[in-house]
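Enquirer: Here is the input, now give the coordinates:
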Amino acid sequence: MVPEQKQNPPARSGASRVMAILDAMASADPVGFPDGLSVADVARVVGREKSVVSRQLKSLLETGMVARRPSGRYELSWRLFALAVRAGDQRLTKLAAPQLLRLTETVRERTYLSVFSDGEVLTVLSEGSRRSIEAVNWVGRTIPVHRSSSGMALLMDYEDEHILDMVRRGPDAVSDREAGEFLARVEESRRRGYTVANRVFDPELFGIGAPVRDFTGRIKAAVNISGPAFRIEPHVQAFGGHLLSAVRALQTSLCSDVRSCADPSDL
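Expert: This next block holds a predicted model:
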């Protein structure tokens, strides 16, 4: 269904009027309006004259923010979705920075924010522990998914066969036995809520990771703690709890301006 007409203030800027139209189109029920919205539909939602809404939709069409179906109805364009994804990526790193800092101060080990990039794990943000012995700053560098706690976290929602296929191909491919062992660790991580990489990347390093989900529940990134195994291994459960708390706080921040957002603790 289309949302009910909004009570607009008497005077609105051009940008706010455009956002009202985009918001109306984004809020429309795809089941009720599988072919998009008509000019009349949008005009009813935003409370404006059809002639005014028609001109604004044509302007949005010219800029590529909306698309027009052969039926003459309008829908949000893929270009708009692409812009939203890029904006979301920037917002993710901005909001993650203070959470990584707080997490690092709590566990006194280096923390990382990572994403998928061409099938590998790319570190986009890191916070150092300022201890004399710590994991290295890995920002801008990639690592195979099966060699890090972040990689396991990013794969937690993938189908098992897809996970096996990913780690058995490419220049860093592993054997069928190793792939099965990796999948078993991912399955255990799903039950636990966070991943554990015990001396997987380096014989002296221990990593703990957890997925970061957006408001739709999809995994967007991963946060992990990494450091000398002799320091982290005795405190895995405590560190895992701190990590999950930091991820929940980050997810809450990511959802702060989204109207319908799942409780991060339920994801």
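Enquirer: Let me see the domain layout of the chain.
Expert: Per automatic domain parsing, the structural domains of the chain span 14-76, 87-266.
Enquirer: looking at these, which is buried most?
Expert: Each of those was scored by mean neighbour count; the highest is domain 87-266, a mean of 18, by mean count of other C-beta atoms under 10 Å. Where C-beta positions appear, they are placed from N, C-alpha and C, glycine not excepted.
Enquirer: which intervals of the stretch 101-250 of the chain have sub-threshold pLDDT?
Expert: Within the stretch 101-250 of the chain, no stretch has pLDDT under 70.
Enquirer: residue ranges of the strands in it, please?
Expert: Per DSSP state E, counting those that start in this stretch, the stretch 101-250 of the chain carries strands over the ranges 110-117, 120-127, 142-144, 195-198, 205-213, 219-228.
Enquirer: Those into a markdown table, with extra columns for distance to A43?
Expert: Output for the strands of the stretch 101-250 of the chain, formatted as a markdown table (distance: least, C-beta to C-beta, whole Å):
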| stretch | distance to A43 |
| --- | --- |
| strand 110-117 | 40 |
| strand 120-127 | 42 |
| strand 142-144 | 49 |
| strand 195-198 | 50 |
| strand 205-213 | 36 |
| strand 219-228 | 35 |
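Enquirer: out of those strands, which comes closest to W78?
Expert: When the strands of the stretch 101-250 of the chain are compared by C-beta to C-beta, strand 219-228 sits nearest W78, at 19.1 Å.
Enquirer: so what does the closest one touch, helix or strand wise?
Expert: Judged by 3 or more C-beta pairs under 8 Å, 6 or more residues apart in numbering; DSSP states H and E, the packing partners of strand 219-228 are helix 78-107, strand 110-117, helix 149-154, strand 205-213, helix 236-254.
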